[in-house]
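1. The following block contains a protein sequence and its predicted model.
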Amino acid sequence: MLITISTDESSGYRYYSFAQLDVFEVIYTLRDLAMPLDEIRNYMRKRSPERLLELLEREERAVSEKIKNLRRTREWIRDKHNIICSVPVKDLDNVMICEEPERYLVYASGDEKDDRAWAQEVGKLYDYCADYGIKSPYPIGYRKNLSDISNGICGRYNVFYEMLQRRPMKIDYKVKQAGQYVIAYHKGHWREIEKTYTKILAYVKEHGIILGKYSYEDGLVDGMTVEREEEYITKISCEIARAELLHLI
């Protein structure tokens, strides 16, 4: 036992001495720091200023790490909230030109013909980002070549990424440039995404727009939000050729 409770033999009542109350305070303080009971016992058996300083320094590092993780979690919650609120429910069927902010993409690639290998590569990307404390509020996004789209090849997936709203530190990434993009929203399964690209190509042709190199597919409503894949909403952003932007400004 860490504490021996004294007893008044004349009355039979138990009481705590001031020294014992000090011990209580130490125990409760260490418990507030979420220290395991075994560690508390070990410390109480061999207390010293040196051991307390070592303990406090260690706990300060642990608390600082928890604070950093909590801030990161709060940012993720806020970003996820804003993404869901950004879905233009009334304009899902429209194709439009929109100004897009700069975004940061942690890229990877996989073999689209091998589902198992593809899943493994996605898992590696998740692990890679997790090692650096990175968690995107978006599901895995996909980059496609617009030359494939123009030739009617809409189901070719090779490059995928985690999209970040803030520039990452100590990790490789590519920049999705800020600027104007042709935007459309696809509701439903990804295997039916060709019909949305067909609308985009018709819009581009009607307005005489020259597309750039890539399109980006980013989930706004996914399995975290709804149960059925038919309810998923994917935002498609198609680059506009830089020279063409001069005619649109």
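-> Perfect, I can see it now. Numbers count the residues shown, from 1 in each chain.

2. Tell me the strands beside the strand ranked longest in the chain, with direction?
-> Secondary structure assigned by DSSP state E gives strand 211-221 as the longest strand of the chain. Here strand 211-221 is paired, per DSSP bridges, with strand 141-145 (antiparallel), strand 233-240 (antiparallel).

3. quick one, phi psi at residue 178?
-> Per-residue torsions, residue 178: phi -70, psi 150 (degrees, to the nearest 10).

4. nearest to residue 33, of the strands paired with strand 211-221?
-> With Cβ to Cβ as the measure, strand 141-145 is the member of those nearest residue 33 (40.4 Å). No exception for glycine: its C-beta is placed from N, CA and C like everyone else's.

5. Name the residues that touch the closest one?
-> For strand 141-145, contacts defined as Cβ atoms under 8 Å, 6 or more residues apart in numbering pick out 105, 107, 154, 156-157, 159-163, 213-219.

6. Could you list the buried residues of that strand?
-> Using 16 or more other Cβ atoms under 10 Å as the test for burial, strand 141-145 gives 141-144.

7. Format the strands paired with strand 211-221 as a markdown table; extra columns: distance to residue 169 and mean pLDDT.
-> Output for those, formatted as a markdown table (distance: least, Cβ to Cβ, whole Å; pLDDT from 0 to 100):
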| stretch | distance to residue 169 | mean pLDDT |
| --- | --- | --- |
| strand 141-145 | 21 | 95 |
| strand 233-240 | 25 | 96 |
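
8. between these, which one is nearest to residue 127?
-> It's strand 141-145; of the strands paired with strand 211-221, that one is closest to residue 127 (Cβ to Cβ) at 17.4 Å.

9. Could you pull out the strands in this structure for me?
-> Using DSSP E, strands in the chain cover 6-7, 14-15, 96-100, 103-109, 141-145, 159-164, 174-176, 179-187, 211-221, 233-240.

10. Kindly reformat those as TSV containing distance to residue 83.
-> Shown next, in TSV, are the strands of the chain (distance: least, Cβ to Cβ, whole Å):
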stretch	distance to residue 83
strand 6-7	61
strand 14-15	59
strand 96-100	14
strand 103-109	12
strand 141-145	12
strand 159-164	10
strand 174-176	15
strand 179-187	13
strand 211-221	6
strand 233-240	9
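
11. Tell me the pLDDT of residue 76.
-> Per-residue confidence for residue 76 comes out at a pLDDT of 93.

12. Domain map for the chain?
-> Residue ranges for the domains of the chain, per automatic domain parsing: 6-67, 88-248.
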